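> Prediction below, plus the sequence it came from.
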Amino acid sequence: MRTVLGTVIALTVSAAATLAQPYYPPHQRGYEPQYPPPQPQPHLQQQRLMPVYRLFSGGSGDHVYVNNTDEVNFATGQGYTLESTPFYVEADWQPGFVPLYRYYTGHGHVYTTDGRFGGPGINREGVLGYVARRQVRGSVPLYDWYNAQADQHLYTLDPRGERAPGFQYVGTVGYVFPPQ
């Protein structure tokens with residue numbers, strides 16, 4: 001019985017490890033597409049959504065996404081302009097959701113589900129909120145677009161990347177909730 005139970009646990013851990021792989025932007029070492037085709041799943045937990053605000057710095061070309069008005073006020077004081085509230089994230093962890101981390105690379109901000117993303121000069125600034133690994137009721141894909149020349153990312157619900165010049169499609173970071 002011990003051998004059978006050990007085998008079941010090993011298979012369960014192996015399957016969980018496959019599903020829990022973090023999202024890596026492609027210009028980072030070890031990048032591989034991470035998500036299987038989305039399958040809508042029921043979202044049974046009580047939702048507590050929080051808005052995400054998008055700000056832009058014309059000087060650096062950086063887009064920063066924040067989840068509270070104190071950060072909006074701080075960023076606007078640093079020369080950023082508030083553009084929109086493009087999506088909502090879960091405020092609390094729920095089954096099937098993972099943290100969306102915010103990193104600063106020295107050139108701009110990167111958002112990923114990888115809590116170990118990094119390297120020299122890259123600082124983790126915190127968790128923006130929680131995103132679904134697979135599509136759940138009411139959620140939509142959050143697309144990552146990257147401009148290699150400017151070394152900047154754009155995160156959007158628009159599958160065309162808002163037609164931003166110089167940006168190339170990277171992948172789906174996770175699933176978020178559109179503005180109401």
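Nice, thanks for sending it over. Numbers count the residues shown, from 1 in each chain.

> Strands of the protein, start to end?
49-56, 63-66, 81-90, 97-104, 109-112, 123-132, 140-147, 152-156, 168-176 (DSSP state E).

> Pull up the pairing partners for the first one, direction included.
I take that to be strand 49-56. strand 63-66 (antiparallel), strand 81-90 (antiparallel) (DSSP bridges).

> Reformat those as a markdown table; add distance to Gly174 and mean neighbour count.
Placement of C-beta: from N, CA and C, glycine included. Below are the strands paired with strand 49-56 laid out as a markdown table (distance: least, Cβ to Cβ, whole Å; neighbours: other Cβ atoms under 10 Å):
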| stretch | distance to Gly174 | mean neighbour count |
| --- | --- | --- |
| strand 63-66 | 13 | 22 |
| strand 81-90 | 9 | 18 |
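
> okay, these in CSV with mean pLDDT next?
As requested, the strands paired with strand 49-56 are exported to CSV (pLDDT from 0 to 100):
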stretch, mean pLDDT
strand 63-66, 94
strand 81-90, 95
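
> Identify the residues contacting the nearest residue to Trp93 once chain neighbours are set aside.
Nearest residue to Trp93 in three dimensions, chain neighbours excluded: Tyr130, at 5.5 Å (Cβ to Cβ, 6 or more residues apart in numbering). Tyr130 makes contact with Val89, Glu90, Ala91, Asp92, Trp93, Gln94, Phe97, Val98, Pro99, Leu100, according to Cβ atoms under 8 Å, 6 or more residues apart in numbering.

> now do 7 Å
Val89, Glu90, Asp92, Trp93, Gln94, Phe97, Val98, Pro99, Leu100 (Cβ atoms under 7 Å, 6 or more residues apart in numbering).

> do Tyr101 as well
Contacts of Tyr101 (Cβ under 7 Å, 6+ apart): Tyr111, Thr112, Asp114, Gly115, Phe117, Arg124, Val127.

> Can you get me a residue count around the fifth one?
Using other Cβ atoms under 10 Å, Phe117 is surrounded by 19 other residues.

> Quick check: nearest residue in space to it, chain neighbours excluded?
Tyr103 (5.8 Å).

> On the strand side of things, show who the nearest residue to Gln47 once chain neighbours are set aside bridges to.
Sequence neighbours aside, Glu90 is the residue nearest to Gln47 in space, at 6.8 Å (criterion: Cβ to Cβ, 6+ apart). Beta-bridge pairing for Glu90 (DSSP bridges): Leu49, Tyr130.

> isn't Glu90 right up against Asn67?
No: judged on Cβ atoms under 7 Å, Glu90 makes no contact with Asn67 at a distance of 10.8 Å.

> any residues in contact with both of those two?
With Cβ under 7 Å, 6+ apart as the test, Glu90 and Asn67 both reach Gly129.

> Is it possible to get TSV of the strands of the chain that adds distance to Asn73?
Formatted as TSV, the strands of the chain follow (distance: least, Cβ to Cβ, whole Å):
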stretch	distance to Asn73
strand 49-56	10
strand 63-66	10
strand 81-90	10
strand 97-104	17
strand 109-112	17
strand 123-132	16
strand 140-147	24
strand 152-156	21
strand 168-176	23
